[in-house]
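>>> model this:
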Amino acid sequence: MKLLLDENLSRRLIPFLQHDYPGSTQVALVGLETATDQTLWEYAKANEFVIVTRDADFEELSLVWGQPPQIIWLKTRNQSRSSTLNVLLENRVLIEQALLTEHQACVEITSKLP
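This is a model prediction of the structure:
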């Protein structure tokens, strides 16, 4: 499963995601940092990416346009890069089950309260 990180997620996460999510990238790394949501959607669809975002916009688009692409919606507080990385890695099995096995359009990952 390849991830396309939205502009609100750090491109510095990409090297650390490659083992679990090979082929992943971030929008700035593919020249799409100022692209519209629709352009990102089409890019993800054409290149078989799962969009990772903190914004509700893509979940709403999935309701209108369907899938692909699928969405990982991080409903977490603004976190450090390492915390965001841990969320994606620790929830990999849940994400794979929801997206690959159950074919859900969107999986929501929420923060654990301290």
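
>>> Share the number of residues neighbouring Gly31, please.
Counted with other CB atoms under 10 Å, the neighbours of Gly31 add up to 9. The C-beta positions use only the backbone N, C-alpha and C, and glycine is treated the same way.

>>> nope, Val52 is what I meant
Using other CB under 10 Å, the number of residues around Val52 comes to 27.

>>> these two touch, right, Leu32 and Gln38?
No - shown here, Leu32 and Gln38 do not form a contact pair, counting by CB atoms under 8 Å, at 11.4 Å.

>>> Looking at the two, which is more packed in?
Shown here are Leu32 and Gln38; by other CB under 10 Å, Leu32 has more neighbours (18 against 10).

>>> looking at this protein, which helix or strand does the model trust least?
Scoring the helices and strands of the chain by mean pLDDT, DSSP states H and E places helix 57-65 at the bottom, with a mean of 86.

>>> for it, the distance to its chain's centre please.
Relative to its parent chain, helix 57-65 has a centroid offset of 13 Å by CA atoms, centre = their mean, to the nearest Å.

>>> can you check stretch 38-55 too?
For stretch 38-55 - counting by CA atoms, centre = their mean - the centre lies 8 Å from the chain centre.

>>> Endpoint to endpoint, it covers what distance?
14 Å (CA to CA, to the nearest Å).

>>> repeat for stretch 87-97
One end of stretch 87-97 sits 15 Å from the other (CA to CA).

>>> quick thing: my sequence starts at 22, can you match it?
All set: I'll call the first residue 22, so the last point we hit is now stretch 108-118.

>>> Quick one: mean pLDDT for it?
What stretch 108-118 shows for mean pLDDT is 94.

>>> Over to stretch 59-77?
Mean per-residue pLDDT for stretch 59-77: 94.

>>> Count residues in the vicinity of Ala65, would you?
24.

>>> now Arg98
Using other CB under 10 Å, Arg98 has 10 neighbouring residues.

>>> all strands of the chain, in order?
For the chain, strands defined by DSSP state E occupy the ranges 23-26, 46-47, 70-74, 92-96, 127-131.

>>> so how many other residues sit close to the closest residue in space to Leu26 that isn't next to it in sequence?
Spatial nearest neighbour of Leu26, excluding adjacent residues (CB to CB, 6 or more residues apart in numbering): Gln47 at 4.1 Å. If you count neighbours by other CB under 10 Å, Gln47 ends up with 21.
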